[in-house]
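S.K.: give me a model of this one.
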Amino acid sequence: MIRLVATDGELTVVRRLAGYAYGQWSVDWPESVPEEQRPKLADDREHGYVHRLGTGSGRMGRRFVRADVSVTAAEYDKNGRVPHTGYSNVEDVLDAAVAQTDEDALVERAITRDGLGVLRPGVDFRVGDLVEVMIWGCAVPLPVTAIEAVTEAGAVVDWRVTVGGQVVSDDVERKRANADLERAVWGERRERLKVAREASEAKAAAAAADRRAGDAQSSADAAQSSADQAGQGVQNLQEILAGKNATAQDVTDQLAALNAQLQARDEPTGPLIPAYIAANTKRWELQEKLDKQQDALAEANRKASKANAVAIKAQQDLALAEKRENRLR
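M.R.: Sure, this is the predicted structure:
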């Protein structure tokens with residue numbers, strides 16, 4: 001443990017102040033608990049409690065001390081309770097209330113560079129660390145409560161490190177801070193795992209959307225090929241009926257004239273006219289199918305683009321979640 005040296009200090013004796021604790025009793029519910037199942041009081045009132053601390057208050061001491069408590073309800077899934085969820089600070093708060101109002105003693109001292117030796121504030125120890133302080137010939141464990149740099153002309157010329165100022169036997173706040181940090185780490189870890197799962201699902205969805213877009217592209221290409229073949233068949237018939245580079249109107253006029261001649265001779269029309277009509281009909285059917293395939297391809301590409309954007313965002317969220325978790329470690 002880090003050891004500092006103090007030439008002197010202040011010892012404060014604290015007498016018992018209160019015999020009862022009271023305060024607000026608040027509960028944070030997970031999202032899995034429906035709003036209508038959460039207990040509520042009318043008129044915006046809050047739940048409260050009163051607790052006997054187990055010792056009577058000293059003479060002229062207050063009978064009550066306020067200490068609000070909070071409870072975070074545990075989360076459950078199909079496998080049961082989710083690890084590292086659910087927390088209550090009731091016991092810690094009541095222990096702190098006892099320690100803060102009970103008879104005890106506290107030491108406080110500001111240590112300068114002479115008492116630091118080769119130790120560097122902010123590097124070898126920080127605010128909140130527990131250090132040993134040599135005072136009155138005894139090694140007293142005290143928390144570091146403040147670090148202040150004394151500067152002149154922009155340079156650090158001395159340090160003022162405040163230790164103590166809290167009840168010597170009271171480490172409730174330190175334990176609470178450690179517990180809060182542990183819960184924060186597990187909370188960030190659960191969030192990271194959730195984001196990682198969402199990122200994996202988004203990546204799989206993007207891959208599936210890309211495959212569907214590829215299938216739609218293949219179908220559109222096949223429809224285009226069929227339409228091109230049908231169009232070429234119609235073009236060949238047009239050239240037979242009306243010559244090369246004939247338009248659809250030229251073919252229609254030629255077919256009308258041919259049909260009139262055949263009717264005037266009382267002869268059958270033959271297979272040419274029905275063949276042209278069937279080929280032209282097939283062409284337009286394939287063109288309609290091609291249009292639908294092109295629409296499906298555009299929609300598939302839109303969904304694939306959206307899915308890829310979601311996957312990219314999920315990967316970015318995962319990177320941020322990993323950074324937050326690493327900072328807490």
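
S.K.: which one's the longest strand in this structure?
M.R.: Ranked by residue count, the top strand of the chain under DSSP state E comes out as strand 138-152.

S.K.: report the rounded mean pLDDT for that one.
M.R.: Mean per-residue pLDDT for strand 138-152: 79.

S.K.: what lines up beside it in the sheet?
M.R.: According to DSSP bridges, the neighbouring strands of strand 138-152, each with its direction, are strand 130-135 (antiparallel), strand 155-167 (antiparallel).

S.K.: select, out of these, the one closest to residue 213.
M.R.: Closest approach to residue 213 among the strands paired with strand 138-152 is made by strand 130-135 (60.9 Å; C-beta to C-beta). To be clear about C-beta, it is placed using only N, CA and C from the backbone, and glycine gets the same treatment.

S.K.: buried stuff in that closest one?
M.R.: Buried residues in strand 130-135, counted by 16 or more other C-beta atoms under 10 Å: 131, 132, 133, 135.

S.K.: same check, this time on stretch 82-90
M.R.: Quick answer for stretch 82-90 (16+ other C-beta under 10 Å): 85, 89.

S.K.: which residues are in contact with it?
M.R.: Stretch 82-90 is contacted by residues 30, 69-76, 176, 179, 182-183, 186-187, 190 when judged by C-beta atoms under 8 Å, 6 or more residues apart in numbering.

S.K.: who does residue 81 bridge with?
M.R.: residue 76.

S.K.: what about it, how many neighbours?
M.R.: Using other C-beta atoms under 10 Å, the number of residues around residue 81 comes to 11.

S.K.: measure it to residue 131 for me?
M.R.: Noted for residue 81: a distance of 39 Å to residue 131, by C-beta to C-beta, to the nearest Å.

S.K.: next one: residue 41
M.R.: Distance, residue 41 to residue 131, using C-beta to C-beta: 46 Å.

S.K.: and if you look at residue 66?
M.R.: 31 Å.

S.K.: one more: residue 114?
M.R.: Distance from residue 114 to residue 131, by C-beta to C-beta: 16 Å.

S.K.: ok, residue 292 next?
M.R.: 77 Å.

S.K.: what's the pLDDT at residue 27?
M.R.: 90.

S.K.: and residue 98, how many neighbours?
M.R.: So residue 98, with other C-beta under 10 Å, has 20 neighbours.

S.K.: surely it is in a helix?
M.R.: Yes: counting by DSSP: H, G, I helix; E, B strand; the rest coil, residue 98 falls inside a helix.

S.K.: list phi and psi for the residue nearest to it when sequence neighbours are not counted.
M.R.: Distances taken as C-beta to C-beta, 6 or more residues apart in numbering place residue 53 nearest to residue 98, at 5.2 Å, with adjacent residues excluded. Torsion angles at residue 53 (phi, psi; degrees, to the nearest 10) stand at phi -80, psi -10.

S.K.: residue 53 contacts residue 21, correct?
M.R.: Yes: under the criterion of C-beta atoms under 8 Å, residue 53 makes contact with residue 21 at 5.8 Å.

S.K.: who touches both of these two?
M.R.: Residues touching both residue 53 and residue 21 (C-beta under 8 Å, 6+ apart): 94, 97.

S.K.: more crowded one of those two?
M.R.: residue 21 (23 against 20).

S.K.: would you confirm that the more buried one contacts residue 69?
M.R.: No: using C-beta under 8 Å, residue 21 is not in contact with residue 69, being 9.0 Å away.

S.K.: anything in contact with each of the two?
M.R.: Residues touching both residue 21 and residue 69 comprise 93, 94, with contact defined as C-beta under 8 Å, 6+ apart.

S.K.: how about the helices in this structure?
M.R.: In the chain, the helices defined using DSSP state H lie at 90-101, 113-116, 172-242, 248-264, 272-328.

S.K.: weakest of these in terms of mean pLDDT?
M.R.: Lowest mean pLDDT of the helices of the chain: helix 248-264, a mean of 60.

S.K.: what's around residue 316, how many residues?
M.R.: Neighbour count for residue 316, taken as other C-beta under 10 Å: 12.

S.K.: nope, residue 144 is what I meant
M.R.: Residue 144 sits with 21 neighbouring residues when counted by other C-beta under 10 Å.

S.K.: give me the beta-bridge partners of it?
M.R.: Assessed by DSSP bridges, residue 144 has beta-bridge partners residue 163.

S.K.: wait, what's in contact with it?
M.R.: Residue 144 sits in contact with 125, 126, 127, 128, 129, 130, 131, 161, 162, 163, where contact means C-beta under 8 Å, 6+ apart.

S.K.: from those residues, pick the one nearest residue 151.
M.R.: Among those, residue 161 lies closest to residue 151 (C-beta to C-beta), at 15.0 Å.

S.K.: against residue 146, how distant is the nearest residue to that closest one once chain neighbours are set aside?
M.R.: Closest residue to residue 161 apart from its sequence neighbours, by C-beta to C-beta, 6+ apart: residue 111 at 4.6 Å. Residue 111 sits 11 Å away from residue 146, taking C-beta to C-beta as the criterion.
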